[in-house]
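Novice: Sequence first, then the predicted structure:
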Amino acid sequence: MSAQDSGEIITLLQMRLHSLNDLALTLKHIHWNVVGPHFIAVHEMIDPQVDQVRAMTDDLAERISTLGGEPNGTPGALVRDRTWNDYSIGRAESIAHLGALDLVYTSIIEDHREAMQATETTDPVTQDMLIEQLRGLELFQWFVRAHLESTGGRLSTTGAKTEAAAADQATDQARKQP
C-alpha cells in the first residue's frame, strides 16, 4: 500500500474512531437517563451494545496503528474533529431515546458504509473490518427499530430530521397505540 493510500485510510479511520467513541458515550448516556415503563428492557439492551462498540473502537485504533498512524481517542480531538452535534435528549422515556437513537445509528451506519466503499480497492483488510462492524451496528439498529415499528412495518420515526423530532414522533406514536 502506498504512503498516500495509507494516510487517506488513517484519516478515514480516525473519523470512524471518533464516531464510535461518541456512540459509546451516547449509549451510556441513554443507559443512565432512560425512564418509563420499558426502562429495564432498554437499560439492559444498551450495555452489551456499549461493550461491542468499545471493542470496535479498539479494532479501529489498532488498524490505524498498523497502517503507521497514531490513533487519537481524546475527548478534545473528538469534539474538535466531529461533524455532528452532541446527543440532544436528556432524561426521557424509553421510546423517546429509542427514536433518537435510531437516527444516531442511521448516521453512523451511512458514514461507515461510505468508509467501507472507500477502502474497497486500496485496503480490503480495512474494508473487511468495517463490514464486520456494520454487521453489528445494523443489528443494534434492528433491536432499536423493533420498538419503533408497527406490525405493518411502519417506522414511527420516518421523516424525522432531528433527534428531538424522532423522539417526539416515537413518543406520539406509542401513546396512540392501545
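Specialist: Received the coordinates, thanks. All of these numbers come straight from a predicted model, not from anything done at the bench.
Novice: Buried residues of stretch 81-98, list them for me.
Specialist: Buried positions in stretch 81-98, judged by neighbour count with 16 or more other Cβ atoms under 10 Å: Y87, I89, A92, E93, S94, I95, A96, H97, L98. Any C-beta I mention is one placed from the backbone N, CA and C, and that applies to glycine too.
Novice: Can you tell me the element the residue positioned nearest the centre of the chain falls in?
Specialist: For the chain, the residue nearest the mean C-alpha position is Y105 (4.1 Å; Cα atoms, centre = their mean). Here Y105 sits within helix 94-118, counting by DSSP states H and E.
Novice: Which SSE is immediately downstream of that helix?
Specialist: Counting by DSSP H and E, the element after helix 94-118 in chain order, helix or strand, is helix 124-145.
Novice: helices or strands up against that next one?
Specialist: Judged by 3 or more Cβ pairs under 8 Å, 6 or more residues apart in numbering; DSSP states H and E, helix 124-145 is in contact with helix 3-33, helix 39-66, helix 94-118.
Novice: Tell me the confidence at K161?
Specialist: Looking at K161, its pLDDT stands at 95.
Novice: Distance-wise, check it relative to H112.
Specialist: Distance, K161 to H112, by Cβ to Cβ, to the nearest Å: 20 Å.
Novice: Between those two, which is the more surrounded one?
Specialist: Per other Cβ atoms under 10 Å, whichever of K161 and H112 has more neighbours is H112, with 20 against 8.
Novice: ok, now which ones touch the more buried one?
Specialist: H112 makes contact with R16, S19, L130, Q133, L134, L137, according to Cβ atoms under 8 Å, 6 or more residues apart in numbering.
Novice: same thing but 7 Å
Specialist: When contacts are counted by Cβ atoms under 7 Å, 6 or more residues apart in numbering, H112 is found next to R16, L130, Q133, L134, L137.
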